[in-house]
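[1] can you look at this prediction? I've put the sequence above it.
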Amino acid sequence: MRLLKILQRLLAALPVALGVAVLAFLFLRFLPGDPVEIMLGDTQVSKQQIAELRHQLNLDQPIGAQLVHFFGQLSHGQLGTSIVKNEAVASLIGNALPATIELTFATVLVALLIALPVGVLSAIYQGTWLDRAVLSGALLGISMPSFWFGLLLILLFAVEAHLLPTSGRISSTLLVDKRTGFMLIDTLLAGDLRAFGDAVRHLVLPALTLGVVFAAVLARVVRSSMIEALHRQYVTTARAKGVREAAVIVKHALRNALIPAVTVAGLQVGELLGGNMIVETIFAWPGVGRLVVNSIFARDYVVVQGAVMLYAITYVGVNLLVDVIYTFLNPRIVL
Amino acid sequence: MRSERAIANGGAAYRAASALTAGRNVVRRLLRRPVGWIAGSIVTAYVLVAVLAPLLAPYAPGATDLAARLTPPSAHHWFGTDALGRDTFSRTLFGARVSLLVGFLTVTITSLFGTLLGAFAGFVRGPFDNVTARLTELLQAFPYLIFAIAMMAFLGPGFWNLIWALSLKGWVEFYRLARGEALAQSATEYVEAARALGQRRGRTLLRELLPNIVPSIMVLGTLRVGYFMVLEASLSFLGVGIPPSIPAWGSMVAEGRNVLFIAWWVSTIPGIALLVLVLAINLLGERLQEVLDPHRRVSS
């Protein structure tokens, strides 16, 4: 029964994904400027070469036919070929994706490690100096421009203290066989603990930059839903039954308080999986975000289009996943 | 008939007067707690600095002095100089103009458009509501930064281009909030009463419904000012926001990035300026939420 409902939701999500595909397609075509001319820039080429390129990109066809062609490609799982790099967009994104996923997981880990205890403590000690300090810290985190915070961390940990590397995923002196694309897994598979440690060290600063800001948002959600849960009757009942306070907080209150936290975390993960353009750029992290930024600057709009598709699909998918997790946390919620 | 109109006119005057009193009350309560007036003073100070920048700045923001490149903070250059010998203090003062203008202009445009459209959609429902609601769902699934970077990359850096790029997607949150509120309010007694009294629907929307949506829009609007400022700075940081000739905090941070190892002040100081302003605005937004809707104090 539950599976059926999930399938139904999946079908309902499909039009949104398709709509975004159309939107991405139209958006990039209706922007001012001829993509071919912008792409070629100052390079001297003959009219015939321009016409050929236009033909190659299907730009000589009416917009409707282009759209049909685009969807034809999509239905075969193809996102087109990069204009600049002459490589399949799917493989470009596929190569960048593990880096982004790795960073996303590290970010979520950092955020949860900070936000859960801080949010719960803040709720338990509501109204005290601790609570006020948490709230102030959270607002500071929310107001923080991540591009600046990243540079600040580089300044503190890398420039002044020489503690951590500031760019890339692994030191260039270390060679690791690419198997899964996930640096942490690849280094372990190679049995190279030194390389693994190096990869972890590369991950710290970008994950901290994103994780601290994310933790600020999350801590507020955990705190407010925890406060709400602590005032519920089932908590009073549990206490009256003589359940230990720690068990009351973790088993009774926190479990219910997690629902809104899961939503916020889920939506954020969706956003992060699309690639964080700013932080990936600052730390030269070879993920999807940096790929998109570079592609936009190179006018490689086929890649941008593919990345937008990926983002939209993860966005829709994560929304759906959040709804499903809901039903496990609170069986009374029906999809 | 005539008496009815007189009542209506009297009503309008009464409404205006009461709106003014209400507004004054909100401001008074906003400033009652220290958080309120401290944040309020900070924002006011920034606005003053932005307006008076030409008088306050010791140097012209674009004046280069190659002999004094990357000098650390000193009595001559309070915040030091950048790689071209430009005075960081003066540039930071001028940078307030871009951030404040972009933040407030974008919020004004997006909140007006989004609120009107959303309130209308929630009020009339039907096909109009369906179409616009689906459109906003699509826009929400479209990543903001890609949207803005792509638009700016094609339009080229520029102040109005930036406002455009931010506004085209920024109205969606206001739309969704206003629509939700309009849907909820439509079911309340006062709207019912207006309908029962035979009030025209347009009038009900403008006179009854919208004023009741305004408080939550104001809270969202205040919080969005800071959001747009950070977004603008991020775009300028990437080099697709404000043109380099105009001093903006985002591009200043970017300029300092290359000299981070030898001149920390070039990047950090404009960032602090931005952080403090955004923080003050967010504090005001939260305080406003407490004042306008005490029931929501717990939720974030």
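    That came in fine, so what should we check first?
[2] now the element after the lowest-mean-pLDDT helix or strand in chain B, going C-ward?
    Ranked by mean pLDDT, DSSP states H and E, the helix or strand of chain B with the weakest confidence is helix B:2-32, at a mean of 70. Heading C-terminal from helix B:2-32, the first helix or strand you meet, by DSSP states H and E, is helix B:34-56.
[3] quick one: distance of that following helix to the chain centre.
    16 Å (CA atoms, centre = their mean, to the nearest Å).
[4] angles on the backbone of B:A75, please.
    phi -70, psi -30 (degrees, to the nearest 10).
[5] which ones are touching it?
    Residues counted as contacts of B:A75 (CB atoms under 8 Å, 6 or more residues apart in numbering or on different chains): none. Any C-beta I mention is one placed from the backbone N, CA and C, and that applies to glycine too.
[6] and B:E255, how many neighbours?
    Residue neighbour count, defined by other CB atoms under 10 Å in any protein chain shown, stands at 21 for B:E255.
[7] you'd agree it is up against B:R86?
    No - judged on CB atoms under 8 Å, B:E255 makes no contact with B:R86 at a distance of 9.1 Å.
[8] which SS state does B:G202 fall under?
    B:G202 falls in the helix class when you classify it by DSSP: H, G, I helix; E, B strand; the rest coil.
[9] distance of it from B:A19?
    19 Å (CB to CB, to the nearest Å).
[10] next one: A:T180
    A:T180 is 62 Å from B:A19, by CB to CB.
[11] same check, this time on A:Q49
    A:Q49 sits 65 Å away from B:A19, going by CB to CB.
[12] residues contacting the residue in the stretch 201-335 of chain A that chain B sits nearest to?
    Residue nearest to chain B within the stretch 201-335 of chain A: A:R220 (4.0 Å; CB to the nearest CB). A:R220 sits next to A:G119, A:L135, A:A138, A:I142, B:S300 when contact means CB under 8 Å, 6+ apart.
[13] and what of A:V288?
    Neighbours of A:V288 in contact, by CB under 8 Å, 6+ apart: A:I93, A:A96, A:L97, A:A99, A:T100, A:L273, A:G274, A:G275, A:E280, A:A307, A:L310.
[14] and A:G119, by the same measure?
    A:V134, A:L218, A:A219, A:R220, A:V221, A:V222, A:R223, A:M226, A:A261.
[15] for chain B, what are the nearby residues on the stretch 101-250 of chain A?
    By CB under 8 Å from any CB of the partner chain, the residues of the stretch 101-250 of chain A that approach chain B are A:139-140, A:142-148, A:151-152, A:154-155, A:159, A:220-221, A:223-224, A:227-228.
[16] the stretch 201-335 of chain A: strands as residue ranges?
    Along the stretch 201-335 of chain A, counting by DSSP state E, counting those that start in this stretch, no stretch forms strands.
[17] please apply the same query to chain B.
    Ranges of strands in chain B, per DSSP state E: none exist.
[18] any weak-confidence spans in it?
    Filtered on pLDDT under 70, chain B yields the residue ranges B:1-13, B:15, B:294-300.
[19] in it, what residue is nearest chain A?
    B:G271 (3.5 Å).
[20] can you count the residues close to the nearest residue to B:A68 once chain neighbours are set aside?
    Residue nearest to B:A68 in three dimensions, not counting chain neighbours: B:G85, with 4.6 Å by CB to CB, 6 or more residues apart in numbering or on different chains. For B:G85, the count of nearby residues is 17 (other CB under 10 Å).
[21] how far does stretch A:103-117 sit from its chain's centre?
    13 Å.
[22] now swap in stretch A:168-185 and tell me
    That offset, for stretch A:168-185, works out to 21 Å (CA atoms, centre = their mean).
[23] ok, stretch B:250-266 next?
    So, by CA atoms, centre = their mean, the centroid of stretch B:250-266 is 26 Å from its chain's centroid.
[24] any buried residues in the biggest helix by length in chain B, and which?
    For chain B, the helix with the greatest residue count under DSSP state H is helix B:88-124. For helix B:88-124, burial by neighbour count (16 or more other CB atoms under 10 Å in any protein chain shown) applies to B:88-107, B:109-111, B:114-123.
[25] keep only those that also lie close to chain A.
    Near chain A, by the rule CB under 8 Å from any CB, you find none of the buried residues of helix B:88-124.
[26] and the nearest residue to B:N161 once chain neighbours are set aside, how many neighbours?
    Distances taken as CB to CB, 6+ apart place B:L155 nearest to B:N161, at 4.1 Å, with adjacent residues excluded. For B:L155, the number of neighbouring residues by other CB under 10 Å comes to 17.
[27] can you verify my assumption that B:L155 contacts B:L168?
    No - between B:L155 and B:L168 there is no contact under CB under 8 Å: 10.9 Å.
[28] among the contacts of A:V288, which one has the most neighbours?
    A:G275 (31 neighbours).
[29] helices of the stretch 201-335 of chain A, start to end?
    In the stretch 201-335 of chain A, the helices defined using DSSP state H, counting those that start in this stretch lie at A:233-240, A:245-247, A:255-273, A:277-282, A:288-297, A:301-329.
[30] which outside residues touch the third one?
    Think helix A:255-273. So helix A:255-273 is in contact with A:100-101, A:103-104, A:107-108, A:111-112, A:115-116, A:119-120, A:123, A:210, A:214, A:217-218, A:221-222, A:224-226, A:228-229, A:232, A:288, A:311, A:314-315, A:317-319, A:321-322, A:325-326, A:329-330, B:143, going by CB under 8 Å, 6+ apart.
[31] 6 Å instead, please
    A:104, A:214, A:218, A:221-222, A:225-226, A:229, A:314-315, A:318, A:322, A:325, A:329-330 (CB atoms under 6 Å, 6 or more residues apart in numbering or on different chains).
[32] how far off centre is that helix?
    12 Å.
[33] repeat for the second one
    Using CA atoms, centre = their mean, we find the averaged C-alpha position of helix A:245-247 to lie 34 Å away from the chain's own average C-alpha position.
[34] now the residue in the stretch 1-150 of chain A that chain B sits nearest to: which helix or strand?
    Here the residue of the stretch 1-150 of chain A nearest chain B is A:W148; by CB to the nearest CB that distance is 3.5 Å. Assessed by DSSP H and E, A:W148 sits inside helix A:146-153.
[35] could you say what helices and strands the helix or strand following that helix packs with?
    Downstream of helix A:146-153, the next assigned helix or strand under DSSP H and E is helix A:183-189. In terms of contacts (3 or more CB pairs under 6 Å, 6 or more residues apart in numbering or on different chains; DSSP states H and E), helix A:183-189 is packed against helix A:193-230.
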